[in-house]
Structures are given as structure tokens and as C-alpha cells.
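Chemist: Just to be clear, the model below is a prediction. Sequence and coordinates:
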Amino acid sequence: MGSLTERLCARGERCVWYVRDGKPEKLRAASRSDICEACKRSERDADFEASQRRPSVKYEAIKAAEYPLKARLEVLKRNLVAEMLGMPGPFREAVSEVRAWWRIGDPPAKLPPACEGGHYPDPPALNEQTDLKELLEMWSQHPHLTPNDRGSDTWPPDRRTAYDNLVLRWETDLRRALFLGGVPEDQIPRYGGRLLLPWLRFAAACVLYRPPVEEAPTFAEYGGLPTLPGDEAEGEPILGVQTKRQRVEAQKYARVHEAVQTFVAERMWEHRKGLPDDYREARYAVMDLYFTDLMELQDRVLEEFERDMNWHPPSHKYYIEFDPKKDKDKDVKERLKAIRKREGPPSKEGDSRVLGTPGRQSDLSGPASPKAARGEHLLQVMCELLLRRPGLTPEWLASELGLSIRRVQELQKEGRELLGA
């Protein structure tokens, strides 16, 4: 009779016994829990201690009138944090999926550490010291990563290839969570640079940590905001404005994407009898089989595109994104001011380089209602969760927030409805 597989506490390095023994506590065979008894006692003691002391709660309303676009970005982040605290929503579900894919089982409830330079937090197991075996194990567990040689456990062949591809997959998963959570595509471009970095930091924080209720507004500030019109460094794109270079890059990517999609669809039809029934697996199989052909196709498409651009160069104009039903005048004026700062006044001939065009706009471009501007979703959820704790009363919370007791009770009721309680 074979021996049973040893089960260890799911808290890993945060297990109570890890400091003493260098490994998590072994679970009893009869235990149905993934957490050891020592950790359970520790959590109960911590919960009791927390219930005996009242947290300090601060909440500052967002001022929409000063800069409407900035306010809407801040409100968006606060409402995503409200989802992470329990309010139903697609962002919360997407984050749960990313945690499952990267085996992040029990994130700590605390503020993330500061992140400097051009970096954002990575999964704990993904770092420069992780060896190839561990990287391949992560690779095999991710549902959207398959070996190049199907059935082989030795691809990618070297550590650098595996590591770089896993880092790219991590970024893709974070962008997907943000997109499903309602962050518009123009905020999270595929090659966003400094525009994308604040969002990646924020999304990574939501995956790797749980927001502490009393510090939820501070958690929502993590990562900061993308560079707003007028604050760009030399050569940086202006938020809400398309330049000649940006239009060319978007057209280039669209042309390559269309060519690849057409090629893969044709090959899938040719090999339809021998491919897996699952569409995603079938698509991966075709892309693996024709990897070299796809690379050559991409090179040809790019060469043709460059030739077309030389024959028909695009006009040197800026395109301001503008939706008359949603955009506020001040948003458009800030973008125009940023362009003027970069290009200077118009020439004597009146050769304006600004062309306002109605276009597809995200909800961020819409008018910020007074309720949305205050980030009410987050405040409601905070009130309900805080007042669930033993010993915390509406009177105490009203004093902390500088609100009336009646207003706090209203917010608590609305928060209960948002959480579906």
C-alpha cells in the first residue's frame, strides 16, 4: 500500500511553524482544512486583538471640479478597490483567476511596498533567482501557456527564455484583469510605457495583497496615476491625444494582427481533422507548427507597411479624442494646452496641427457625477465592513470621518446592498 502525499500548511512561509522549523507545519491526515491548527489559533488571537482596538480611519473626498479627468481616474481605482473588498464585479473575478493561475492562495491584507523605477510587483515565485525547473513548473500550471513541442516538458530550453516569457505572461494577465474590470483600452495600451506602468502596479497590488478596509483609499492610490495632459516629459505621449507616431504604430500592429489571424484561421481549416476539439488548444497547435512561417509573415507585413508609409506618409496632425456627449470642456482644453506647450503657437498661415474628432470614448470621458466624484462606492463598502467588526459603532465611525451618524448609517445600508449582504 502506497504512502499518502504529505500535506503542508497552505500559508507557506507565513506559517507559524516556518520560523522555527524552516518549513510549514504538516497537516493531520484527517484535517479537511488547508491551514494548520497553530495558524488558526494565531488568526483567532489576531482577530480578537484587532477587535479590542479601534483602527484609525481616514477618507478624503475627491474633488472633481479641479481636474475632471484626474478625478474620474481616481474614482475608477477606488471603485475597483471596493470590488476587492467584496462588492461583486468583473475585476474581482478576474483577479481571482490570476491568483489561481499563479498559485497565489492567501494574499496578506496590507499595503504593498513602494515600487521604484520602471518596475511593478511580480509573483513571489517569479524572480531572477528562480531556477529553470521552478519556472517550467509555473509554466505548466498556467492555462494559457503550452510547450512549443506539445507533450514535451523541456521547453523553453533555457532559463532566460522561460523567465522572459513568464514575465510577459504576468503583464498580459494584469492587463486582462484591468480590461475586464472596466479600465478602457486607451489607458492600458499594449506598449504603454509610462502610461501603462501605474495601472500595472495597481493591478499587481490587487493580485498580491488584500486591501485593509481602514486603509482602502490609500491602497487605491498605489501606483499613482498615468501622466496627465500637460505633465508629460519631452517625447512622452499626451493622454487623450493621438500623434502621428501613435497612429502609425496602431496601424502597424493592426495590420500584423490581421495577417496572423487570417493565416492561423486558414491553417486551422486545413488541419481541422487532426486538431484538438478545444479551439484554444487547436490554435496553439497551429501556431506552434507554423511558428517559423508566422515570423516570416510578420517580417513581410512590416516591410510592406514601411514601404506604404514611405509612399503615403501620414499627415502631421494631432487628434484630440472628443465625445460631445461625455467630454467636459476642461478636459479638452487641458489636452489642447499640452499640445500648445509642446508645439508652440500656430504659424502665421494658420496651419493648425490640432484636429478635433469625435471618437470612441471610455466611461472615463463622461461627466463625473457628484456621487461618483466622491468615490461613494468605496466609502459605502468601507462603512459596512468596518461596522461589522465587534465594538465599532456608527457614532465612532461618524467621528472618524467627520460625518453625521445618520449619514454613516445611510452609507452602511448602501454598502450592505453593494456587497449583496
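Modeler: Looks like it arrived, so ask away.
Chemist: Can you list the buried residues in the helix or strand residue 338 falls within?
Modeler: In the assignment (DSSP states H and E), residue 338 maps to helix 329-343. Under the neighbour-count criterion of 16 or more other C-beta atoms under 10 Å, helix 329-343 has 331, 332, 334, 335, 336, 338, 339, 342 buried. C-betas here are computed from N, CA, C, even on glycine.
Chemist: which residue sits closest to the second one in space, ignoring its chain neighbours?
Modeler: Nearest in space to residue 332, with sequence neighbours left out and distances taken as C-beta to C-beta, 6 or more residues apart in numbering, is residue 322 at 5.7 Å.
Chemist: so how far is residue 333 from the one you found?
Modeler: Taking C-beta to C-beta, to the nearest Å as the measure, residue 322 falls 11 Å from residue 333.
Chemist: check contacts around residue 294.
Modeler: Residues near residue 294 by C-beta atoms under 8 Å, 6 or more residues apart in numbering: 260, 263, 264, 287.
Chemist: Tell me where the stretch 101-250 of the chain has helices.
Modeler: Along the stretch 101-250 of the chain, counting by DSSP state H, counting those that start in this stretch, helices occupy 132-141, 159-180, 197-208, 216-220, 244-270.
Chemist: Domain parsing of this protein, as residue ranges.
Modeler: For the chain, the domain assignment from automatic domain parsing gives the residue ranges 12-52, 244-365.
Chemist: Where among those is average confidence lowest?
Modeler: Looking at the domains of the chain, the lowest mean pLDDT belongs to domain 244-365 (a mean of 71).
Chemist: out of everything not next to it in sequence, what's closest to the most centrally placed residue in the chain?
Modeler: Among the residues of the chain, the one closest to the centroid is residue 203, at 3.2 Å (C-alpha atoms, centre = their mean). Excluding the flanking residues, the one nearest residue 203 by C-beta to C-beta, 6+ apart is residue 174, at 4.1 Å.
Chemist: for residue 200, same thing?
Modeler: residue 120 (4.4 Å).
Chemist: What's the local residue count around that neighbour?
Modeler: For residue 120, the neighbour count with other C-beta atoms under 10 Å is 21.
Chemist: Please work out how many residues are found near residue 261.
Modeler: Residue 261: 11 neighbours (other C-beta under 10 Å).
Chemist: Can you show me the strands along the protein?
Modeler: Taking DSSP state E as the criterion, the chain contains strands spanning 241-242, 318-322, 354-358.
Chemist: Over the shortest one, what's the mean pLDDT, rounded is fine.
Modeler: Confidence for strand 241-242, expressed as mean pLDDT, is 64.
Chemist: now stretch 177-188
Modeler: 82.
Chemist: re the thing from before, looking at the contacts of residue 294, which is nearest residue 310?
Modeler: For the contacts of residue 294, the residue nearest residue 310 by C-beta to C-beta is residue 260; the value is 23.2 Å.
Chemist: Next, count neighbours for the closest one.
Modeler: 15.
Chemist: Same question for residue 310.
Modeler: 8.
Chemist: That one and residue 173: what is the separation?
Modeler: Taken as C-beta to C-beta, the span from residue 310 to residue 173 is 38 Å.
Chemist: got it, and residue 131?
Modeler: 22 Å.
Chemist: okay, stretch 169-187 in PDB with CA atoms only?
Modeler: Provided in PDB are the C-alpha atoms of stretch 169-187 (Å, rounded to 0.1, in the frame of the first residue of the first chain):
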ATOM      1  CA  ARG A 169       2.500  36.500 -19.400                       C
ATOM      2  CA  TRP A 170       2.200  38.200 -15.900                       C
ATOM      3  CA  GLU A 171       1.900  41.600 -17.600                       C
ATOM      4  CA  THR A 172      -0.700  40.200 -20.000                       C
ATOM      5  CA  ASP A 173      -2.700  38.700 -17.100                       C
ATOM      6  CA  LEU A 174      -2.700  42.000 -15.300                       C
ATOM      7  CA  ARG A 175      -3.800  43.900 -18.400                       C
ATOM      8  CA  ARG A 176      -6.600  41.400 -18.900                       C
ATOM      9  CA  ALA A 177      -7.800  41.900 -15.300                       C
ATOM     10  CA  LEU A 178      -7.800  45.700 -15.800                       C
ATOM     11  CA  PHE A 179      -9.700  45.500 -19.100                       C
ATOM     12  CA  LEU A 180     -12.300  43.100 -17.700                       C
ATOM     13  CA  GLY A 181     -12.600  45.500 -14.700                       C
ATOM     14  CA  GLY A 182     -13.600  48.300 -16.900                       C
ATOM     15  CA  VAL A 183     -10.400  50.200 -17.400                       C
ATOM     16  CA  PRO A 184     -10.600  51.500 -21.000                       C
ATOM     17  CA  GLU A 185      -8.200  50.200 -23.700                       C
ATOM     18  CA  ASP A 186      -6.700  53.600 -24.200                       C
ATOM     19  CA  GLN A 187      -5.500  53.600 -20.600                       C
END
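Chemist: Show me the contact partners of it.
Modeler: By C-beta under 8 Å, 6+ apart, the list of residues contacting stretch 169-187 reads 73, 76, 80, 83, 89-91, 93-95, 97-98, 101-102, 120, 122-123, 126, 142, 144-145, 188, 190, 195-196, 199-200, 203-204, 206-207, 226, 240, 321, 362-364.
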